[in-house]
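S.K.: Give the three-dimensional model of this entry:
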Amino acid sequence: MASLWKHPESKFFFACFTDRAGRRLKRSTKETNRANAQKIADGYELAARQKQTVRQIRTVIGELHKTITGQDVATLTFQEHCDNWLAEKKGTAPATLVFYRGSVKKFLTFLGERAESDISEIDAKTVLTYRNELITLVSPKTVNHDIKTVKALFKAARRDHLLVDDPTEFIETVKGRTDANRRPFTLEEVKRVLAVANDEWKSMILFGLYTGLRISDVAMLRWCNVDLEKKEITIIVQKTGKSLILPIAGPLASHLESMPSSDDPRAPLHPKANGTWEREGRTGRLGNQFSELLIDAGLRKPSPKASPKKGQKARREAQELSFHCLRHTAISLMKEAGIPESVVMAIVGHSSKEVSARYTHVGSEAMQKAADALPDIMLSHKK
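M.R.: The predicted model follows:
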């Protein structure tokens, strides 16, 4: 007979039972009531001792679930569940939704035909294999983001009574930082990149340097976001959905005045980059273009071609410099100029709710003063 065990720090009973091979297994019942937990534990053992498919075992557990809770465990393929989950996320920030879609697609590609199986047939071993494969292909940060998406999928499945247990509950994230080697640009390095950039990329770089905006936000900027009279840029950040009013530094104002304007206030400041973002909904291609500029400027070595053994999916090496480093550069320059941290963080739009709450007192005058403390990189570049 199956027995029950309860961890001192858990409110749920765990079922301890033996399968056909004589292995002693332990599985959470997700029950706080001992009598109900025992019924589930006995059901686990009955299913495990018989030669049954995963679907048959699920039927046994599902019947127990209905007996105890009065609710059916619904049936759905994993692909269908993913489609439903993504539909729920349509109200999230555009960049976040793009990430979710890409992350889900990545896991579905890994599953292959199994994506059309009942959701209950995707077990912990499958998710663990997926995580371990990702570790060989992408950075730890990307691995953890993708696993977080998978965990969210199964958490939603339990919420919707598609599953009794969550197979990702004990899947751990991986350690390691992808930005450990990243650093700000020096002014000399920014000049070198500007020297090899075309007009649109020069403008993109200046916006990245003088506003601290991410590459997706720079690509999305339109003339209606800019008020030269007030020397302000108003924008809703793609990543967080947060509305920001940013001061326009003197050098950036001069650059904006030199740009060919448009009668259409909805016209993008950077048409090619905007077109790329609108078509693809992601910054990968723009990031690659900036990487090419770094190579041309002698600030990055060309990526070696993947060896036949590693293939095209070989994990990319972490790089010191990227477009995002212009954001770090802006922060460093303002801090070097003695600008208070609260003002600096207000300008770059700190993503932490707790930290942002502390910075609401920062006034526009202080922010403009901080922006004006940044050096005129174009003046020194022209020299």
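S.K.: Who are the packing partners of the lengthiest helix in the chain?
M.R.: Taking DSSP state H as the criterion, the chain has its longest helix at helix 140-159. Taking 3 or more C-beta pairs under 8 Å, 6 or more residues apart in numbering; DSSP states H and E as contact, the helices and strands that helix 140-159 lies on are helix 78-88, helix 94-111, helix 124-135. All C-beta spots, glycine's among them, are computed from the backbone N, C-alpha and C.
S.K.: Let me have the ones you listed in TSV, adding mean neighbour count as columns.
M.R.: Below are those laid out as TSV (neighbours: other C-beta atoms under 10 Å):
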stretch	mean neighbour count
helix 78-88	16
helix 94-111	17
helix 124-135	16
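S.K.: list the buried ones in the helix or strand following the longest helix of the chain?
M.R.: For helix 140-159, the following helix or strand on the C-terminal side (DSSP states H and E) is helix 187-196. Within helix 187-196, the residues scored as buried using 16 or more other C-beta atoms under 10 Å are 189-194, 196.
S.K.: residue ranges with poor pLDDT in the stretch 201-350 of the chain?
M.R.: Across the stretch 201-350 of the chain, the ranges flagged by pLDDT under 70 are 303-319, 342, 347-350.
S.K.: And the strands in it?
M.R.: 226-227, 232-236, 243-247 (DSSP state E, counting those that start in this stretch).
S.K.: And those strands: which comes nearest residue 153?
M.R.: Nearest to residue 153, of all these, is strand 232-236, at 27.5 Å by C-beta to C-beta.
S.K.: could you say what helices and strands the closest one packs with?
M.R.: strand 226-227, strand 243-247.
S.K.: Mind putting those strands into JSON lines with distance to residue 214 and mean neighbour count?
M.R.: Below are the helices and strands packed on strand 232-236 laid out as JSON lines (distance: least, C-beta to C-beta, whole Å; neighbours: other C-beta atoms under 10 Å):
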{"stretch": "strand 226-227", "distance to residue 214": "17", "mean neighbour count": "18"}
{"stretch": "strand 243-247", "distance to residue 214": "11", "mean neighbour count": "19"}
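S.K.: thinking again about what came up before, nearest to residue 209, of the buried residues of helix 187-196?
M.R.: Looking across these and measuring by C-beta to C-beta, the closest to residue 209 is residue 190, at 6.4 Å.
S.K.: How much space separates the closest residue in space to that closest one that isn't next to it in sequence from residue 135?
M.R.: Leaving out its chain neighbours, the residue that sits closest to residue 190 by C-beta to C-beta, 6 or more residues apart in numbering is residue 377, at 5.7 Å. Using C-beta to C-beta, to the nearest Å, we find residue 377 at a distance of 39 Å from residue 135.
S.K.: Alright, calling it a day.
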